[in-house]
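A.B. asks: Sharing a model prediction with you, sequence too.
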Amino acid sequence: MNVKSLLDIEGLVLNGFVTDMRLEDCKSSKVRSSRLVARLIDGSEVVSDCYDYSRISRIYLIFIKYSEKKWVSSVSASNMMNGITYDR
């Protein structure tokens, strides 16, 4: 599994490259910690570093909300290209 920062995983979620996410517990002695595991559209998995469970669980819920929004599919390419002009 490829280790990525939470910011990198957030970018993958917002751009629609993540198909599934889950939390996985890390080996810790005193404090419960977990990491985020995300499955990408090509079948590979990326993971985050281990964080306190209270922190990573909130981030996980935000990423789930992001994935439900479908940010990329709501903007069509024709609308993006409409305002572009080319210099001659």
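C.D. replies: Here it is on my side, so go on. Numbering: from 1, shown residues only.

A.B. asks: residue ranges with poor pLDDT in this structure?
C.D. replies: 70-88 (pLDDT under 70).

A.B. asks: Kindly list the longest helix within it.
C.D. replies: As assigned by DSSP state H, the longest helix anywhere in the chain is helix 53-69.

A.B. asks: quick one, what contacts the residue lying closest to Asp8 once chain neighbours are set aside?
C.D. replies: The shortest distance from Asp8 to any non-neighbouring residue, by CB to CB, 6 or more residues apart in numbering, is to Val46 (7.6 Å). (C-beta placed from N, C-alpha, C; glycine too.) By CB atoms under 8 Å, 6 or more residues apart in numbering, Val46 lies in contact with 1-4, 8-9, 12, 37-38, 40.

A.B. asks: Val31 now?
C.D. replies: Neighbours of Val31 in contact, by CB under 8 Å, 6+ apart: 52-53.
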